[in-house]
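Participant: Need coordinates for the below:
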Amino acid sequence: MIGTRLWLLRHAETEWSQTGKHTSFTDIGLTSHGEEMAKLLGRSLAGKNFSLVLVSPRERAHRTCELAGFASQAETCNDLCEWNYGKYEGRTTPEIRKEVPGWTIWNGQPPGGESAADVQARCHRVIDRAKEAGGDVALFAHGHVLRVMAATWLGLQPEEGRCFTLGTGTYCVLGYEHEYTTTLVWNQNVQAVVEAIE
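Facilitator: Numbers count the residues shown, from 1 in each chain. A predicted model of the protein is given here:
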């Protein structure tokens, strides 16, 4: 549906996101700074109405959604889980590259984890559900899955998610220009938004 817009909301800071550790199924909470970031995210979206709010089952995404003020209407969506990093869970890219030179999540499936195609299949299901709901749909989730979501929305291969840097506690908006899917807002710094509206 052309009227659909996807609001991609990455969870706020955790200890592992701060240190660059790959975090998928490990369920860790936000740092105190992350909690403040999530509240700022809510202030930047004050008065915003969504036709559907979906949230990853992980604590860091749920807590971000809660502090942003959308927990009461949120539905847990397993398809929004972060890319499963398998044996690379909890490790940083420099650590992995000591064993696999030049490795990134975009060019090498982690042992015991998901492929880029696996993640994109989940993103297709989320997009289909969002289009059924229509209007503005909020997705509280994680960095890599949201980057694949953007690539999928734009009709790109999942590996093209590497082109979309996405910070913690930021939001993005995907929509349409005429009949073409496009990026309307990307990696929005919520502090700047709050300062502009208050």
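
Participant: May I have the distance across stretch 6-19, first residue to last?
Facilitator: Distance between the boundary residues of stretch 6-19 (Cα to Cα, to the nearest Å) amounts to 28 Å.

Participant: If you could redo that for stretch 96-108, that was the one I meant.
Facilitator: The first and last residues of stretch 96-108 sit 11 Å apart, counting by Cα to Cα.

Participant: Renumber starting at 380 from here on
Facilitator: I'll keep to 380 as the first residue from here, and by that count the last item is stretch 475-487.

Participant: which residues touch the residue lying closest to residue 414 once chain neighbours are set aside?
Facilitator: Closest residue to residue 414 apart from its sequence neighbours, by Cβ to Cβ, 6 or more residues apart in numbering: residue 446 at 6.1 Å. (Each C-beta comes from the backbone N, C-alpha and C, glycine too.) Applying Cβ atoms under 8 Å, 6 or more residues apart in numbering, we find residue 446 in contact with 391, 414, 417-418, 420-421.

Participant: can you list those in CSV and add distance to residue 475?
Facilitator: Below are the contacts of residue 446 laid out as CSV (distance: Cβ to Cβ, whole Å):
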residue, distance to residue 475
391, 25
414, 29
417, 29
418, 34
420, 30
421, 35
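
Participant: Looking at the residues you listed, which are in helices?
Facilitator: Counting by DSSP state H, the part of the contacts of residue 446 found in helices is 414, 417-418, 420-421.

Participant: for this structure, which spans come out with low pLDDT?
Facilitator: 380, 572-573, 575-577 (pLDDT under 70).

Participant: Identify each buried residue in the longest strand seen in the chain, please.
Facilitator: Ranked by residue count, the top strand of the chain under DSSP state E comes out as strand 559-567. For strand 559-567, burial by neighbour count (16 or more other Cβ atoms under 10 Å) applies to 560, 562, 567.

Participant: I'd like the distance from that strand to the chain centre, please.
Facilitator: Strand 559-567 sits 14 Å away from the centroid of its parent chain (Cα atoms, centre = their mean, to the nearest Å).

Participant: My understanding was that residue 554 contacts residue 565; is that so?
Facilitator: No: contact criterion Cβ atoms under 8 Å: residue 554 and residue 565 do not qualify, at 11.8 Å.

Participant: ok so, going back, could you dump the ones in helices among the contacts of residue 446 to TSV with neighbour count and distance to residue 450?
Facilitator: Listed next are the ones in helices among the contacts of residue 446 as TSV, based on neighbours: other Cβ atoms under 10 Å; distance: Cβ to Cβ, whole Å:
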residue	neighbour count	distance to residue 450
414	18	14
417	26	11
418	18	13
420	28	13
421	19	10
